[in-house]
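Engineer: predicted model and sequence follow; I will ask about them next.
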Amino acid sequence: MDKRNIKKQAPVKSAVASKQTHASAAMLKTENKNSMPVILFFVMLAISYFVFINNFYNIKELTNPYIQSRAQGIISLQLLIYTVIYGLFGYFAFRFISGKSDTKVTTILTIVGFAAILILHYIAFNKAFEDVDDNASYMIAAKSLVDKHAPYYLYMPIMKPDTEGAIGLPLMLIPFYLIWGMNYVPMEIMIYFTLVGAVIMSFLVFRKMEGSIFAVIITLLFATHPYIVSFSSIIMTEIPFIFWSLLAIFLCLKFEETPKVNYVLLVAAVLSIIMTYLTRAIGAGFVAAVILYFLIKSNFWKDIKTKKMAALKDIAVLKFLLISGLLIGGMLIYQLWARSFSGSSQADVLSKMSISAQLSKNLGLVWDVFSQNIFCGKLARYGADSKQVYLEPVSILWVIIFFITMAGLVISIFKKQLVGFYFILVMLVLLIGNSAPQQLTVSRYLIVFTPFMIYFLYLGVMGLIALVDKKKQIARALGIVVLCFLLGNSFVGDAFDVQRSTQETLYAPPYKAFLDCAVWAKTNLPKDAIVASRKERIFYIFSDGMRGYKHVPSNEISRLQEKIDKATSDEEKNKLFTDWQQSKLDQIQQNNTAYIIVDTFSATQQLMGPILEKNPDKFKLIKTIGDEQTGACYVFQVVKWWK
């Protein structure tokens, strides 16, 4: 071979080798850069897990004597479930950050995650009857729909139509009433299975929006959220509302993407949206959100401007017209039925409200609790210790979380996502319609937004960081890191829910005395007697249908206290209290009250006690139920002075 050729070829080989070296170096550099977000995530995941473990073993309820002596296994089972879910979260988060796709392993682990969620909710299932009047109301409404073929306040001294309340949950309870009567446990089991449906729908909705891997991550966070765990065994509307909302969103997305009008999907979507509204009145905002979403997705305004009949041939426009027409028609029919039945409806109630005043007040209440509703590991423990403050003042941390979540909401709206429109318009109805002045009550109302708030939190973190991280890998990693700490925070709250369901007795002594009193009244008091109590609807359930009324409503207590606080002299304060006492005597007479129940788990004893003591000729103690040292319940017979 010619030496000159060899010399000529040598630089070429050298150049190729040099290029390969540079390429390898560049690839190695890229791999290192790509691995950094993953390493960051796993480090933070480990830190969040150890923070959780430390918090878990410092939970006061774990030292409950009954749990320490007879239910230690529940602690071990909890920790196992939390560790499994942490591991699953880490696996799916790694695949999400790395951009890896589904495999058979991810499918199997998705099923494992679903099973872990079901077991967590099972061990947190609380067989107690929650001391909230609302759960009794839904049971009574179901009974009324069956027995009276319409909703009535069956428990009141004079039975009146109940068309202002939501009938969605009572409709769902009807089969259980027909089979088991007013046994509340089967109805609680129904709520549990509604949660199962909500978990499935959460996965399907977010899979359609962001893919399977991310859907598992969001669903794990949603399903293990303390508020969701605590409400999955209570006969309340929170879990059913979330189920119907997620189902309706999924059906709307399916209907919107079909090339032709699918009338089965159309009808299913409309019925699900209507059920959302019937379950809670704030669902009216969902109706508006769906109409707006399909309007934006169509060329309706463009066709109108060009003055062409193209709208009639445009499938997107046709879908908008069909779903809008059916929803508006369904809402009108329901409102007209309510008006014809009782002369009032939810629309009537809303029209009488001072919208600006309500909006201003509720914005402040939502501001107080919004961020803590997402990170509610502490807030969900409300009631664990009467000396501890669970709702913290709005600090810089909560402000940051709020604005990041709002940034995520804005991103969702710009992406024209139905969940964004849903959140804004349903929240708007809540801000206008809520009349409860308590922060913790508003916190409970926000539970229905849980999966969307978590999603917007992630979207906000990722979106803001992506402004400087164009490849978005670090942005995704940091978004998931925030969710790591949310997961640990939630598990601490879940632990309280599990411990509350694993007690030697289901009820605190004062509340148990009240329930025992209602059971005693069933066989010892006249069936047609009017009984005044603090929890008249719960009394109706446990006394097998004895009617009555609430003698000391919470809002009345707060109004009285406000007036007394504003009074400038002791004489004025005494007069306010004396006038209030006289109004109670008048109420007793007007309702032809036969018996008064004085409990020790509320303000009843402090407020009604002085009235009874000052009028010994009008009230006679006939029964004491429970231990007076731990909290008894007292039954007074009314000597009817008006007869």
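Structural biologist: Okay, I see it. Residues are numbered from 1 along each chain as shown.

Engineer: middle-most residue in the protein, spatially?
Structural biologist: With distances taken as CA atoms, centre = their mean, the residue of the chain nearest its centroid is Ile447 (2.4 Å).

Engineer: that residue: what secondary structure?
Structural biologist: Classification of Ile447 using DSSP: H, G, I helix; E, B strand; the rest coil returns helix.

Engineer: kindly report the same for Val468.
Structural biologist: Using three-state DSSP, the secondary structure recorded for Val468 is coil.

Engineer: phi and psi next, for it.
Structural biologist: Val468 adopts backbone torsions of phi -110, psi -20, taken as degrees, to the nearest 10.

Engineer: same question, Lys260
Structural biologist: Per-residue torsions, Lys260: phi -120, psi 170 (degrees, to the nearest 10).

Engineer: contact partners for it?
Structural biologist: Lys260 makes contacts with Ile315, as judged by CB atoms under 8 Å, 6 or more residues apart in numbering. For glycine as for every other residue, the C-beta is placed from the backbone atoms N, C-alpha and C.

Engineer: and the gap between it and Lys313?
Structural biologist: Lys260 sits at a distance of 12 Å from Lys313 (criterion: CB to CB, to the nearest Å).

Engineer: swap in Trp641?
Structural biologist: According to CB to CB, Trp641 and Lys313 sit 78 Å apart.

Engineer: and what of Lys512?
Structural biologist: Taking CB to CB as the measure, Lys512 and Lys313 are separated by 67 Å.

Engineer: those two: which has the busier surroundings?
Structural biologist: Neighbours were counted for Lys512 and for Lys313 using other CB atoms under 10 Å; Lys512 has more, 20 against 10.

Engineer: now the host helix or strand of the more buried one: mean pLDDT?
Structural biologist: Assigned by DSSP states H and E, Lys512 belongs to helix 509-524. The average pLDDT for helix 509-524 rounds to 94.

Engineer: next one: stretch 604-613
Structural biologist: Across stretch 604-613, pLDDT averages out at 87.

Engineer: in that stretch, what's buried?
Structural biologist: Buried residues in stretch 604-613, defined by neighbour count with 16 or more other CB atoms under 10 Å: 604-605, 607-608, 611-612.

Engineer: can I get these in JSON lines with secondary structure and distance to Ser360?
Structural biologist: Shown next, in JSON lines, are those (DSSP: H, G, I helix; E, B strand; the rest coil; distance: CB to CB, whole Å):
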{"residue": "Thr604", "secondary structure": "helix", "distance to Ser360": "33"}
{"residue": "Gln605", "secondary structure": "helix", "distance to Ser360": "36"}
{"residue": "Leu607", "secondary structure": "helix", "distance to Ser360": "30"}
{"residue": "Met608", "secondary structure": "helix", "distance to Ser360": "35"}
{"residue": "Ile611", "secondary structure": "helix", "distance to Ser360": "37"}
{"residue": "Leu612", "secondary structure": "helix", "distance to Ser360": "40"}
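
Engineer: helices and strands of this protein: which one bottoms out on pLDDT?
Structural biologist: One helix or strand of the chain scores below all others by mean pLDDT, DSSP states H and E: helix 346-351, with a mean of 63.

Engineer: next secondary structure after that one?
Structural biologist: Remark: after helix 346-351, the chain's next helix or strand is helix 355-374, criterion DSSP H and E.

Engineer: after that following helix comes which helix or strand?
Structural biologist: In N-to-C order, the element after helix 355-374 by DSSP H and E is helix 396-414.

Engineer: now the angle from that following helix to helix 355-374?
Structural biologist: 110 degrees (axes from the mean of the first three to the mean of the last three CA atoms, to 10 degrees).

Engineer: please begin residue numbering at 548 from this point
Structural biologist: Sure, I'll start numbering at 548, so the last one becomes helix 943-961.

Engineer: show the average pLDDT along helix 943-961.
Structural biologist: 96.

Engineer: what helices and strands are in contact with the very next helix or strand once past it?
Structural biologist: Downstream of helix 943-961, the first helix or strand assigned by DSSP H and E is helix 965-980. Here helix 965-980 touches helix 785-804, helix 831-844, helix 902-921, helix 943-961, helix 997-1012, going by 3 or more CB pairs under 8 Å, 6 or more residues apart in numbering; DSSP states H and E.

Engineer: turn those into JSON lines, including mean neighbour count.
Structural biologist: Below are those laid out as JSON lines (neighbours: other CB atoms under 10 Å):
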{"stretch": "helix 785-804", "mean neighbour count": "25"}
{"stretch": "helix 831-844", "mean neighbour count": "21"}
{"stretch": "helix 902-921", "mean neighbour count": "17"}
{"stretch": "helix 943-961", "mean neighbour count": "17"}
{"stretch": "helix 997-1012", "mean neighbour count": "24"}
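
Engineer: JSON lines for these, including distance to Ala683?
Structural biologist: JSON lines is the format used below for the helices and strands packed on helix 965-980 (distance: least, CB to CB, whole Å):
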{"stretch": "helix 785-804", "distance to Ala683": "16"}
{"stretch": "helix 831-844", "distance to Ala683": "25"}
{"stretch": "helix 902-921", "distance to Ala683": "25"}
{"stretch": "helix 943-961", "distance to Ala683": "34"}
{"stretch": "helix 997-1012", "distance to Ala683": "25"}
